[in-house]
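I would like to see how this sequence folds:
(chains A and B)
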Amino acid sequence: MTTSMTMNDASKGHKPQTGIKLTEQQLRARRARSIAIAVSLGILVALFYIVTLVKGPAVLVRPL
Amino acid sequence: MSVTLARVEPSIAGVGDYIELMKPRVMSLVVFTAFVGLLVAPGHMHPVIGLTALLCIAVGAGAAGALNMWYDADIDARMARTAARPIPAGRLLPGEALAFGLTLATGAVVVLGLLVNVVAAALLAGTIAFYVVIYTMWLKRTTPQNIVIGGAAGALPPMIGWAAVTGGFAIEPALLFLIIFLWTPPHFWALSLYRTEDYARAGIPMLPVVAGAQETRRQILLYTLILAPLGAAPWLLGYAGPAYGIVALLAGAAMIALALRVRAEHRSQAANKHLASKQLFAFSILYLFLLFAMLLVDRISGGLFGHLAA
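Numbering: from 1, shown residues only, chains lettered A, B, ... in the order given. Okay, here's the model as predicted:
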C-alpha cells in the first residue's frame, strides 16, 4: 500500500507528473466500487421505470 | 470519537466492506418483520410496490447500521465482538461510512415517499433518526436503559410495512411493535451477561456492568413474563388463528423456562457459567422468528387476519 509521488520529476526537467499514482490494489478496489455504484444506479432507474408502468398516471398521485 | 487512522492513501475499501457496514444479519430480521407487517395489513398492494417498500426499508436499515458503525468506531475497536468491523480494522475511513450512511438514508426515505407513500417514508426516517441519534449517540453511552428505549427502533419495521399498504396505523401493527419492543431487553441482556467484560472495557453502561449480573437476570425474567402472554395476544384478541396461538404459548413457555434457568445461573459451575444465557440469547432469535413466521402462515392460509383483509 504505497503511494508514489512524482513531484521531483519537474526539477529534473521532465514533464511534471504531479498527483497520486494508484497501486494495483487501490485500482482494483476503485473499479469494484465503481461497478457497484453503476449497478445500484441501474437498479434505481429500472425501479422507477417499472413502478411508473405499474402505477400508470397514478404515479403522480400521492395523497398524504 | 477519537479514531486515529494513519492511512491517508486512496481507499482500498472493497464492496464487501460497505455491505458489512449495513449489518446484513440485522437487516434480514428487519426486512422479515417489515414483510410480515406488510402482508398482514388489510387491503391490496401490487407486488412491485411491496418489493419497492421492502427494498427501501432494507436500505434504510443498512443506512442506520452504517451510521451506527461510523459513530461507534471508537467503542467497536475496544470490544472483541466488533473489533474486526471495517472502520476499527482500518479498511474504511469514518468519513466514508458517514457519507455512505447519509446517502443511503436519504435515498431510501425519498424513494419510499415517492413510490409508496409519505406516511411509510416518514416512519422510516423517524426510525433511522431514532436509532442513530437517540440510541447510538445518546442512550447507548449514558444509561443502562439504552437497549430498552432504543429497542423501539428495531420494533418499528412492522409498522412501516403496515403503513406502506394502508397509509396509516392500527392496533395490530402496534401489537407487533410491542412484541419486538418487549423482546429486545431479554434478548440483549442475555447477550450482555456473557459479554459483560467487553462492555465494561468499552465503557458502555449495559445493565450487568452497572447493576450487576443478578439484577440483570431478575429483569430478564420480568420482561420475559410480560413478553410471553403478549406474544399470544394477536391470537387472544382475534387477529390470528389458533395455530399461531399454540406456537406463541409454547414458545413463550420455553422463553420463561430459559429465563428461569438464567435466573438460577449464578449457582451453576464455573465451567458452564453462561450456558443458560447463551441458550436464552439463541432461542430468543428463534422465538421472534417463529412468532412472525406463524403470522405469515396464518395470513397465507387465510386465517383471521385474512378475513379482516377481505
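
going forward, measure contacts between C-alpha atoms and count neighbours the same way
Will do.

which stretches of chain A have low pLDDT?
A:1-17, A:62-64 (pLDDT under 70).

wait, isn't B:G161 in contact with B:A53?
Yes: between B:G161 and B:A53 there is a contact at 7.4 Å, judged by C-alpha atoms under 8 Å.

Run through the stretch 151-300 of chain B and note the low-pLDDT ranges.
Using pLDDT under 70, the flagged stretches of the stretch 151-300 of chain B are B:268-271.

Excluding covalently adjacent residues, which one is nearest to the residue of it found nearest chain A?
Proximity of the stretch 151-300 of chain B to chain A (C-alpha to the nearest C-alpha) peaks at B:G167, 7.7 Å away. Spatially, and ignoring its direct neighbours in sequence, B:G167 is nearest to B:V119 (5.7 Å; C-alpha to C-alpha, 6 or more residues apart in numbering or on different chains).

List the contacts of that neighbour.
A:L64, B:G113, B:A163, B:A164, B:G167, B:G168 (C-alpha atoms under 8 Å, 6 or more residues apart in numbering or on different chains).

quick one: which of these has the most company?
When neighbours are counted as other C-alpha atoms under 10 Å in any protein chain shown, the busiest of these turns out to be B:A164, with 30 neighbours.

Sticking with that one, tell me its helix or strand.
Following DSSP states H and E, the helix or strand that holds B:A164 is helix B:157-166.

Now find how far off-centre that helix is within its chain.
In terms of C-alpha atoms, centre = their mean, to the nearest Å, the centre of helix B:157-166 is set 16 Å apart from its chain centre.

helices or strands up against that helix?
Helix B:157-166 sits against helix B:24-40, helix B:47-71, helix B:118-129, helix B:171-193, with contacts defined as 3 or more C-alpha pairs under 8 Å, 6 or more residues apart in numbering or on different chains; DSSP states H and E.

And the last one, what's buried?
Within helix B:171-193, the residues that qualify as buried by neighbour count (16 or more other C-alpha atoms under 10 Å in any protein chain shown) are B:172-193.

Out of the contacts of B:V119, which is nearest to B:V210?
Nearest to B:V210 among those is B:A163, at 38.2 Å by C-alpha to C-alpha.

Contacts only, for the closest one.
Shown in contact with B:A163 (C-alpha under 8 Å, 6+ apart): B:L38, B:V119, B:A120, B:F169.

B:I246 now?
For B:I246, counting by C-alpha under 8 Å, 6+ apart, there are no contacting residues.

I'd assumed it was in a helix, is it?
Yes: under DSSP: H, G, I helix; E, B strand; the rest coil, B:I246 sits within a helix.

Can you tell me how far it is from B:L296?
15 Å (C-alpha to C-alpha, to the nearest Å).

Buried residues in the helix or strand containing B:F289, which are they?
Element membership for B:F289, per DSSP H and E: helix B:275-300. For helix B:275-300, burial by neighbour count (16+ other C-alpha under 10 Å) applies to B:276-281, B:283-284, B:287-288, B:290-299.

now swap in stretch B:90-99 and tell me
By 16+ other C-alpha under 10 Å, the buried positions in stretch B:90-99 come out as B:G90, B:R91, B:L92, B:L93, B:P94, B:A97, B:L98.

How about that stretch and chain A, any contact?
No: with C-alpha under 8 Å from any C-alpha of the partner chain as the criterion, chain A is not reached by stretch B:90-99; the gap is at least 11.1 Å.

roughly how far is that stretch from the heart of the chain?
23 Å.

I would like the residues contacting it, please.
B:5, B:7, B:11-13, B:17-18, B:21, B:66-67, B:69-70, B:73, B:86-87.

isn't B:S192 right next to B:P205, touching?
No: using C-alpha under 8 Å, B:S192 is not in contact with B:P205, being 10.5 Å away.

okay, and the common contacts of the two?
With C-alpha under 8 Å, 6+ apart, B:S192 and B:P205 have common neighbours B:Y199.

and of the contacts of B:V119, the nearest to A:I20?
B:G113 (41.5 Å).

Output stretch B:107-119 as CSV - backbone C-alpha positions only.
Written as CSV, here are the backbone C-alpha positions of stretch B:107-119 (Å, rounded to 0.1, in the frame of the first residue of the first chain):
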residue,chain,number,x,y,z
GLY,B,107,-32.2,7.8,-0.8
ALA,B,108,-34.3,5.1,1.0
VAL,B,109,-36.6,7.7,2.6
VAL,B,110,-37.1,9.8,-0.7
VAL,B,111,-37.7,6.7,-2.8
LEU,B,112,-40.2,5.2,-0.3
GLY,B,113,-42.0,8.6,-0.2
LEU,B,114,-42.1,8.9,-4.0
LEU,B,115,-43.0,5.4,-5.0
VAL,B,116,-45.0,4.1,-2.0
ASN,B,117,-46.4,6.6,0.4
VAL,B,118,-45.4,9.5,2.6
VAL,B,119,-46.5,8.0,5.9
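
related to what we said a few turns ago, what separates the residue nearest to B:G167 from B:W162, distance-wise?
In terms of C-alpha to C-alpha, B:V119 sits 10 Å off from B:W162.

And for B:H266?
43 Å.

Which one of those two is surrounded by more residues?
For B:H266 and B:W162, the more surrounded residue by other C-alpha under 10 Å is B:W162, and the numbers stand at 26 against 14.

Chain A contacts on the stretch 1-150 of chain B?
So the stretch 1-150 of chain B meets chain A at B:9-15, B:46, B:48-49, B:52, B:114-115, B:117-119 (C-alpha under 8 Å from any C-alpha).

Now B:L123. Nearest residue, chain neighbours left out?
Nearest residue to B:L123, sequence neighbours excluded (C-alpha to C-alpha, 6+ apart): B:I160, at 6.1 Å.
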